[in-house]
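Asker: Next input, structure requested:
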Amino acid sequence: QVQLVESGGGLVQAGGSLRLSCAASGRTFSSYAMGWFRQAPGKARLFVAAISRSGGNTYYADSVKGRFTISRVNTKNTVYLQMNNLKPEDTAVYYCAANLKGDGSSWPSYATDYWGQGTQVTVSS
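Answerer: Coordinates of the predicted model:
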């Protein structure tokens, strides 16, 4: 079992920044790829970003490339999502995710092994 706990969400104005954190426990952190998904009201949960086990490879949705950065510190069992130049369309619940099989690329939501509880990000215009 893996437990994931997100933090760092909140309300920010358009153009602002937030950093999300996800603390993992229960299994060797470096044995799984980590990712972030988001879900807006009435919409599907969508891939945002992912990072490989070692942190050497990162992957992003086109909508966030150049604005968001995913990183991980395996010695702290933590993955981060730095979000800059936020837009109102970034408003959603953001979920931390763990994938035991893949490397983080081509990661549909159904391939996720573990989810966090989610943290709300609201961007005002």
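
Asker: thinking Trp36 is in contact with Asn99, fair?
Answerer: No. Between Trp36 and Asn99 there is no contact under CB atoms under 8 Å: 11.8 Å. Quick note: C-beta positions are derived from backbone N, CA and C, even for glycine.

Asker: tell me, what's touching the two both at once?
Answerer: Ala50 (CB atoms under 8 Å, 6 or more residues apart in numbering).

Asker: With neighbour numbers in mind, choose between those two.
Answerer: Neighbours per residue, other CB atoms under 10 Å: of Trp36 and Asn99, the larger number sits with Trp36, 26 against 19.

Asker: Specify the beta-bridge partners of that one.
Answerer: Counting by DSSP bridges, Trp36 is bridged to Ala49, Cys96.

Asker: give the contact list for it.
Answerer: Contacts of Trp36 (CB under 8 Å, 6+ apart): Leu20, Cys22, Val48, Ala49, Ala50, Ile70, Val79, Leu81, Tyr94, Tyr95, Cys96, Ala97.

Asker: Now distance to Gln3, neighbour count and pLDDT too, for the residues you listed, in JSON lines please.
Answerer: As requested, the contacts of Trp36 are exported to JSON lines (distance: CB to CB, whole Å; neighbours: other CB atoms under 10 Å; pLDDT from 0 to 100):
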{"residue": "Leu20", "distance to Gln3": "17", "neighbour count": "24", "pLDDT": "98"}
{"residue": "Cys22", "distance to Gln3": "10", "neighbour count": "25", "pLDDT": "98"}
{"residue": "Val48", "distance to Gln3": "21", "neighbour count": "24", "pLDDT": "98"}
{"residue": "Ala49", "distance to Gln3": "21", "neighbour count": "25", "pLDDT": "98"}
{"residue": "Ala50", "distance to Gln3": "19", "neighbour count": "25", "pLDDT": "98"}
{"residue": "Ile70", "distance to Gln3": "20", "neighbour count": "23", "pLDDT": "98"}
{"residue": "Val79", "distance to Gln3": "13", "neighbour count": "30", "pLDDT": "98"}
{"residue": "Leu81", "distance to Gln3": "18", "neighbour count": "27", "pLDDT": "98"}
{"residue": "Tyr94", "distance to Gln3": "17", "neighbour count": "23", "pLDDT": "98"}
{"residue": "Tyr95", "distance to Gln3": "14", "neighbour count": "23", "pLDDT": "98"}
{"residue": "Cys96", "distance to Gln3": "10", "neighbour count": "28", "pLDDT": "98"}
{"residue": "Ala97", "distance to Gln3": "13", "neighbour count": "26", "pLDDT": "97"}
